[in-house]
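Asks: Okay, structure incoming, though there's no sequence with it:
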């Protein structure tokens with residue numbers, strides 16, 4: 001998962017400052033996630049570690065919904081790219097469903113005492129699959145809704 005984040009950063013890094021910052025937030029999210037997943041069973045889990053991860057998770061998902069997706073769709077509309085707008089409209093409901101599942105995970109973490117490490121690991125593993133799917137969908141949006149238009153803009157210059 002972390003390798004695909006590096007690839008996305010290399011692929012779209014520098015294309016737009018907002019996307020760059022968001023991809024950096026993704027790397028931080030993956031890093032804190034990996035820190036929780038890789039924690040040995042015998043090691044104590046600090047509540048602050050879980051809270052840090054959940055804060056990063058919510059911030060990342062919020063940035064996607066309230067800044068990035070809107071910007072990408074707006075850019076596609078500005079370029080008159082109806083196919084890209086259609087793609088976004090077909091992908092966004094799944095992204096919203098993934099967001100709901102992540103928020104459910106966050107709510108569970110707010111209420112749990114972290115004592116049941118097996119249950120937490122099970123939930124983290126499930127969340128890892130959701131994050132992977134989300135990153136792939138987001139990369140598709142960036143590719144189709146932003147990168148293509150950046151290339152058009154360069155060709156027009």
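Replies: On my side now, so go ahead. As the structure is a prediction and not an experimental result, all values here were calculated from the model.
Asks: Please list all residues in contact with residue 141.
Replies: Residue 141 is in contact with 69, 72, 87, 88, 91, counting by CB atoms under 8 Å, 6 or more residues apart in numbering. To be clear about C-beta, it is placed using only N, CA and C from the backbone, and glycine gets the same treatment.
Asks: and the next element down the chain from whichever strand or helix holds residue 61?
Replies: Using DSSP states H and E, residue 61 sits within helix 47-63. If you walk from helix 47-63 toward the C-terminus, the next helix or strand you reach (DSSP H and E) is helix 69-78.
Asks: what stretches of this protein score poorly on pLDDT?
Replies: Where the chain drops to pLDDT under 70, the residues are 1-15, 113-115, 146-157.
Asks: Report the distance from stretch 37-44 to the chain centre.
Replies: Relative to its chain's centre, stretch 37-44 lies at 24 Å (CA atoms, centre = their mean, to the nearest Å).
Asks: residues making contact with it?
Replies: If you take CB under 8 Å, 6+ apart as the criterion, stretch 37-44 is touched by 45, 49, 117, 121, 124, 125, 128.
Asks: Buried ones among those?
Replies: The neighbour-count test (16 or more other CB atoms under 10 Å) marks 117, 124, 128 as buried among these.
Asks: most residues in a single helix of this protein, which one?
Replies: Counting residues, the longest helix found in the chain (DSSP state H) is helix 82-111.
Asks: quick one: it to helix 47-63, angle?
Replies: Computed with axes from the mean of the first three to the mean of the last three CA atoms, to 10 degrees, the direction of helix 82-111 lies at 160 degrees from that of helix 47-63.
Asks: Following helix 82-111 in sequence, what is the next regular element?
Replies: Next element after helix 82-111 (DSSP H and E): helix 117-141.
Asks: so that following helix versus helix 47-63, what angle?
Replies: Helix 117-141 runs at 20 degrees relative to helix 47-63, counting by the same axes, to 10 degrees.
Asks: Any buried residues in helix 117-141, and which?
Replies: In helix 117-141, counting by 16+ other CB under 10 Å, buried: 117, 120, 123-124, 127-128, 131, 134-135, 137-139, 141.
Asks: Residue 58: how many residues sit nearby?
Replies: As a burial measure, residue 58 scores 16 neighbours (other CB atoms under 10 Å).
Asks: what angle sits between the longest helix of the chain and helix 69-78?
Replies: Here helix 82-111 runs at an angle of 180 degrees relative to helix 69-78 (the same axes, to 10 degrees).
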